[in-house]
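Student: Fold the following for me, if possible:
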Amino acid sequence: MPSQETKNFIAAHRNDDIRSLALQAKRYPDVDMREAVTQIEGWQLAKEKLPEWAATEGLLYPPRLSMEQCSSQATALYKARIASGNQLADITGGFGIDCSYLAQRFEKAIYIERNKTLCDISQHNFGLLGLDKIEIINGQSEELLEQLPHCNWIYADPARRDSSGGKVVALADCEPNIPLLEERLMSKCDKAMIKCSPMLDITAACRELKHVGEIHVVAVNNECKELLFILSDETVTEIPIHCINILKESSQQFCCTMGESYCTAYAESIGEYLYEPNAAIQKAGCNDALTQSFGIEKLHPNSQLFTSSKHLKEFPGRSFIVEGVSRFSKGEIKSLLNGIKKANITIRNFPDTVQGLRKRLKIGEGGDTYIFATTLYNGEKVLIKCRKP
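Tutor: Residues are numbered from 1 along each chain as shown. Next up, the predicted model:
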């Protein structure tokens with residue numbers, strides 16, 4: 001725990017630049033500057049990522065790496081909507097964000113963490129947050145698993161760093177190794193929730209894991225943040241993939257079935273509206289399911305853009321009003337752009353980069369105009385000029 005002098009310093013300087021503070025240690029001999037900088041930086045990160053925690057006075061924060069790796073408040077709340085019951089065990093406790101929100105949906109909770117410092121921080125924080133029903137255990141989850149009582153749910157967020165500190169993605173490279181631990185895990189619970197990197201190949205993970213009952217792809221503000229694999233002993237013939245895009249005021253949800261083939265309708269021409277699926281749907285590979293669910297047409301098998309003659313307010317992604325389309329010829333492009341000096345450019349299945357196209361078109365970044373460079377079903381390269389509805 002920080003000394004009173006250090007606490008006072010933290011309170012007085014928590015909005016200051018941490019790099020500047022770190023250079024002023026000699027001016028404050030009674031302050032543990034390293035600890036102060038850690039706590040100030042942690043609070044500054046929490047203010048955006050964990051607003052409820054940042055609003056609670058006296059919480060302790062771990063070093064930056066743990067803050068970066070922990071779940072956000074938004075994704076933790078989403079997990080808490082999925083799981084509930086009598087008893088929960090979080091076998092990779094970490095900073096305790098997920099455990100704190102999940103525990104509120106259970107009568108009892110067990111937090112297991114191998115890092116003693118994180119255990120101490122969580123013990124302190126859970127007390128301030130009124131989460132007295134969480135039992136904290138310092139130890140290796142693989143060794144403690146046999147001692148666990150049977151739980152309704154087990155939660156795991158395997159560490160995605162190797163022994164050298166480098167990032168890893170594959171399940172077998174993470175700690176604990178969930179595929180290796182899976183059968184022992186399932187003998188101790190009704191269901192398990194495994195949080196994985198958004199970079200993980202979903203199909204490959206389903207080959208490694210034998211008990212996948214459903215999958216959740218979670219994005220926040222159209223950035224894919226995590227994959228959740230729900231493990232169960234129930235027999236599942238079709239695995240549902242839930243795509244969630246959490247926005248500031250609402251959320252977009254869509255569900256499709258893993259591996260199912262959908263009859264995709266392709267557009268002969270571009271309609272009045274253009275649609276781009278959100279990041280969760282694109283990660284899940286559920287794009288083709290949208291044609292049947294929303295009656296829209298796809299521009300090309302690899303473009304992941306759709307069109308329609310009507311506006312679909314409930315579409316899970318971005319929607320635009322089409323103002324014009326041009327083939328990739330100087331005359332048509334000049335007519336389409338008509339003196340536009342800046343625009344937001346998106347490349348979809350097109351032989352150039354955003355930077356390269358921006359240079360060729362001599363257009364700056366920003367503004368209210370949106371330009372999509374893509375390929376149509378007939379192979380034609382086009383620019384689509386749009387604006388938001």
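
Student: Report the strands that pair with the helix or strand harbouring Ile230, each with its relative direction.
Tutor: Using DSSP states H and E, the element containing Ile230 is strand 223-232. Under the criterion DSSP bridges, strand 223-232 sits next to strand 189-196 (antiparallel), strand 212-220 (antiparallel) in its sheet.

Student: so Phe229 sits right up against Leu209, yeah?
Tutor: Yes: at 6.1 Å, Phe229 counts as touching Leu209 under the criterion of C-beta atoms under 8 Å. Where C-beta positions appear, they are placed from N, C-alpha and C, glycine not excepted.

Student: if I look at the two, which residues touch both of them?
Tutor: The contact sets of Phe229 and Leu209 overlap at Ile194 (C-beta atoms under 8 Å, 6 or more residues apart in numbering).

Student: Between those two, tell me which one has more neighbours.
Tutor: Per other C-beta atoms under 10 Å, whichever of Phe229 and Leu209 has more neighbours is Phe229, with 25 against 17.

Student: for this protein, which spans come out with low pLDDT?
Tutor: Scanning the chain with the threshold set as pLDDT under 70 gives 162-165.

Student: remind me, longest helix of it?
Tutor: If you go by DSSP state H, the chain has its longest helix at helix 33-49.

Student: packing partners for it?
Tutor: helix 4-13, helix 18-22, helix 51-54, helix 64-69 (3 or more C-beta pairs under 8 Å, 6 or more residues apart in numbering; DSSP states H and E).

Student: let's see 6 Å
Tutor: helix 4-13, helix 18-22, helix 51-54 (3 or more C-beta pairs under 6 Å, 6 or more residues apart in numbering; DSSP states H and E).

Student: can I assume Ile333 is in contact with Ser326?
Tutor: Yes: the criterion here is C-beta atoms under 6 Å, and Ile333 meets it with Ser326 at 5.3 Å.

Student: Could you count how many residues lie near Cys196?
Tutor: Cys196: 23 surrounding residues under other C-beta under 10 Å.

Student: List the contacts of it.
Tutor: Leu227 (C-beta atoms under 6 Å, 6 or more residues apart in numbering).

Student: and if we set it to 7 Å?
Tutor: Going by C-beta atoms under 7 Å, 6 or more residues apart in numbering, Cys196 touches 171, 205, 226-227, 229.

Student: Closest to the centroid, which residue in the protein?
Tutor: Centroid check for the chain by C-alpha atoms, centre = their mean gives Lys225 as the closest residue, at 1.3 Å.

Student: picking up where we left off before, now render the strands paired with strand 223-232 as JSON lines, adding distance to Arg34.
Tutor: Below are the strands paired with strand 223-232 laid out as JSON lines (distance: least, C-beta to C-beta, whole Å):
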{"stretch": "strand 189-196", "distance to Arg34": "30"}
{"stretch": "strand 212-220", "distance to Arg34": "31"}
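
Student: Hmm, the residue nearest to the centre of the chain is touching Val218, no?
Tutor: Yes: between Lys225 and Val218 a contact is recorded at 5.5 Å, counting by C-beta atoms under 7 Å.

Student: No further queries at this time; thank you.
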